[in-house]
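Asks: Generate coordinates for the sequence data below:
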Amino acid sequence: MQETRRIQEPMASESSSMSTGLERRLEEQHLEKCIQEILQNIDKYMQEYKDISAETKELYDNYRSANPELHNDLVIGLGMKTQIERNLNKNLLALKKPYFGRIDYKEVGDRSSYSLYLGKNGVRRNITENMIIDWRAPISGVYYESDIGRSSYPTPMGDRIEIDLFLKRTYEIENSKLIDYYDSDVVANDEFLTKYLSKNKEVVLGEIIATIQKEQNEIIRDVPWHNVIVQGVAGSGKTTVAMHRISYILYNYKEKFRPDEFYIIGSNKMLLNYITGVLPNLDVYNVNQITMEEFLISLLDKDFDYKKGKYTLTNSFLKLKRQVSTQDASTLKRFKGSNHFIKALIVYMKQYEIEAITTDSVRFDRKVVYSKDEILYFLDFFEELPLQEKIDLLNKRLTYKVKSLGEDAELRKEKLRSEVNRYKNYFGNKGKKYNLMEIYISFLEDLQLRRSEYLEQGIKVAEGEVIELLLTELKCKHLDIYDLGMLNYIKRRIKMTKDYEYVGHIVIDEAQDFGVMLFQIFKQLFKNCTYTIMGDVSQNIYYDTGMNDWEVLKQEVFHPEKDRFYVLAKSYRNTVEISDYASKVLSKCSFKTYDIEPIIRHGKEVGLIKAEGESGLVAKTVELIKSIRDNGYDTIAIICRTVEETLKVKKLLSPYVPIEHLEDDIEEMTFSSGNMVLPIHMTKGLEFDSVIIWNPEEESYHTTDEDAKLLYVAITRALHELHIVYQDNLSGLLK
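Replies: Next up is the predicted model:
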């Protein structure tokens, strides 16, 4: 049931006759009643948790593995304990702020009206009655999407219930006390939204659900049966939408999706820790959170032990290990990130399979038992099966044919058994070991030898010298995520394995940083998987390998007639001053950009501070940090161009101000409040109360598309204040 309070008349007309004071007293009384019931729930669940803990401890103490009944009791008890703990946690989380919204409505054709209170955590009054409706429930979509008047919401069966909406109210509650409330026909009016956005970052993170906007909610509640691609400008809430979408799907489609089938893939561990930290508060547990590199390695498992082979995993799209021409390096990066790279491998593996399996007609007792046409038809019909499974099925089919023919010829049992054994591995041994790297290298060599044939099939293959550069990298045992992707595809085409079967939904954040070929590989590896793809092509800092538009992904990898493409243009992160400054940087680019629509929230002008020498840079930065802290802001990022510069700046600043994570292992850092010194590529997807960009000189940032994207990312990390400290000549992109 979803009813929390039934009223006899539409609340809009009732509230219009009430004084503001009486209305507020009624709301305060309702809040107090909710608090008392939540406290009663907490007492009840704490007692239940205490009892079940004692019971499971006793079962543990008496546990004997040979007693299946005792084992079942223990499993059931642990499951109950987990559920009670989650119910207790929901009520504890709801105590300080039980709900954030309310809707009053009447179903068309029903004389009764209803008043529902919506919260981050659904709270039950008893088994059959909800006190607070979970924000993920179908009826809650009315709060986010509907204007006052006639509306509807979907049922779990797919039907729609027609309603008349009388009231939509947003609450500001702190520490169990009503601060204020707002009536509006949008989810949160400008006054409330601006007030919320002006708070420091830690407060903002705790209020997200109350301020989900209509265009964000549409993505969150889209059905999980197709793929979703979201182009969202910096600060548009892409990551927030992705995490809430996971929560929504797992809440409403429990029978179809399990949490352990979900994978959240990010570019680095700091981003993953940052974005997935909100999942427990969204009632999401046990989803997989992994970097792209780790994900691809885990799928290869023991079929390619990169540690044993002493391979070096590198971001070759940042820099190659060898000194090569800039043009060749750029060409290689673009080819590896392109759809043409994986298309070429798909063509090669088809030919590889045909050559690995003899297709000549098979004779037994001077008769054709398996014709060439039959074999070729089999290979075509079962094209999706891996090579080992094809070999196994062909062998089984052939031995069956031989046995049948032998029985018809009335061969003796011993003779027939001997003949069947002679043919049981005719097409190959299904247990044969394949070296994935050898196949990958043979593919690259084939690209050099038969480049013209690939070109004739519409596959754009790089020149032989560029492929030779890649071969040299592999022989030096240098790999990147694109090599790992190709090895995974080879494994999928060769081996019977379950490694690719337990992936139901993949969420990729900052997707523009990955070449389109990885998405094509995923589509080949996980046939029944759906995707939520979040990114901003204006923030592609790996210019040659990442995506600078969405067209190939939309048109060649996914299905434009079935899958959904959304654009989030409104930025909720930056002040108008910071947003305008970022837009001016993008205006100097030659690639397609998406316009930013900032929420009207003003702040300080962007600060340009020139310093004399390195010591001047340090002094100005230290002064800024202290001033920012005096303004009440907790998260400050000093953003540098490279890892090397980051390590240097950390050492320069640490004698004067506290710096988080002074150790040298940048890639292992986690997000924290305080003063963080970071390279630009590690700030992707993060936001800070204040940002200081360290010395963006002309020598470091040229007036190019690639460098414009880097600076755009750095600028748009700032919630409230942006400062640029430099010496000598400021980059032309920032003038």
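
Asks: What's the local residue count around residue 522?
Replies: As a burial measure, residue 522 scores 24 neighbours (other Cβ atoms under 10 Å). Yep, even glycine has a C-beta here, placed from its N, CA and C like the rest.

Asks: Can you name the next helix or strand after the helix or strand residue 297 falls within?
Replies: Per DSSP states H and E, residue 297 falls inside helix 292-300. As assigned by DSSP H and E, the chain's next helix or strand after helix 292-300 is strand 312-313.

Asks: Would you quantify the distance from the residue lying closest to residue 607 once chain neighbours are set aside to residue 697?
Replies: Leaving out its chain neighbours, the residue that sits closest to residue 607 by Cβ to Cβ, 6 or more residues apart in numbering is residue 723, at 4.1 Å. Distance of residue 723 to residue 697, given as Cβ to Cβ, to the nearest Å: 16 Å.

Asks: Also residue 674?
Replies: For residue 674, the distance to residue 697 - Cβ to Cβ - is 27 Å.

Asks: which helices and strands sit right next to the longest strand belonging to the chain?
Replies: With secondary structure taken from DSSP state E, the chain has its longest strand at strand 160-174. Here strand 160-174 touches helix 11-17, strand 101-107, helix 141-145, strand 149-154, strand 177-183, helix 190-197, going by 3 or more Cβ pairs under 8 Å, 6 or more residues apart in numbering; DSSP states H and E.

Asks: and that strand with strand 101-107, angle?
Replies: 160 degrees (axes from the mean of the first three to the mean of the last three Cα atoms, to 10 degrees).

Asks: how far does strand 160-174 sit from the chain's center?
Replies: Chain-centre distance of strand 160-174: 30 Å, with Cα atoms, centre = their mean, to the nearest Å.

Asks: in that strand, what's buried?
Replies: Neighbour-count burial for strand 160-174 flags 161, 163-173 (criterion: 16 or more other Cβ atoms under 10 Å).

Asks: sorry, back to before: the residue nearest to residue 607 in helix, strand or coil?
Replies: strand (DSSP: H, G, I helix; E, B strand; the rest coil).

Asks: Mind jotting down where the helices sit in the stretch 201-350 of the chain?
Replies: 201-205, 214-220, 238-252, 269-276, 292-300, 326-337, 339-356 (DSSP state H, counting those that start in this stretch).

Asks: Show me what the helix holding residue 297 is packed up against.
Replies: Where contact means 3+ Cβ pairs under 8 Å, 6+ apart, helix 292-300 is packed against strand 262-266, helix 481-494.

Asks: so what's residue 231 bridging to?
Replies: Beta bridges link residue 231 to residue 535, residue 567 when assigned by DSSP bridges.

Asks: Quick one: the helices in the stretch 401-550 of the chain, in order.
Replies: All helices of the stretch 401-550 of the chain, identified by DSSP H, counting those that start in this stretch, fall at 413-423, 436-449, 451-456, 464-475, 481-494, 516-525.

Asks: can you list the weak-confidence ranges in the protein?
Replies: Where the chain drops to pLDDT under 70, the residues are 1-19, 63-66, 156, 185-208, 210, 308-309, 314-325, 408-412.

Asks: Where is the longest helix in it?
Replies: In the chain, with assignment by DSSP state H, the single longest helix is helix 20-61.

Asks: which helices and strands sit right next to that one?
Replies: Counting contacts by 3+ Cβ pairs under 8 Å, 6+ apart, helix 20-61 packs against helix 68-96, strand 123-124, strand 130-134, strand 177-183.

Asks: wait, which of the ones you listed is closest to residue 294?
Replies: With respect to residue 294, and counting by Cβ to Cβ, the nearest of the helices and strands packed on helix 20-61 is helix 68-96 at 26.9 Å.

Asks: buried stuff in the closest one?
Replies: Across helix 68-96, burial judged by 16+ other Cβ under 10 Å covers 73-74, 77, 80-81, 84, 87-88, 90-91, 93-95.

Asks: Tell me the one of the residues you listed nearest residue 115?
Replies: residue 94 (18.0 Å).
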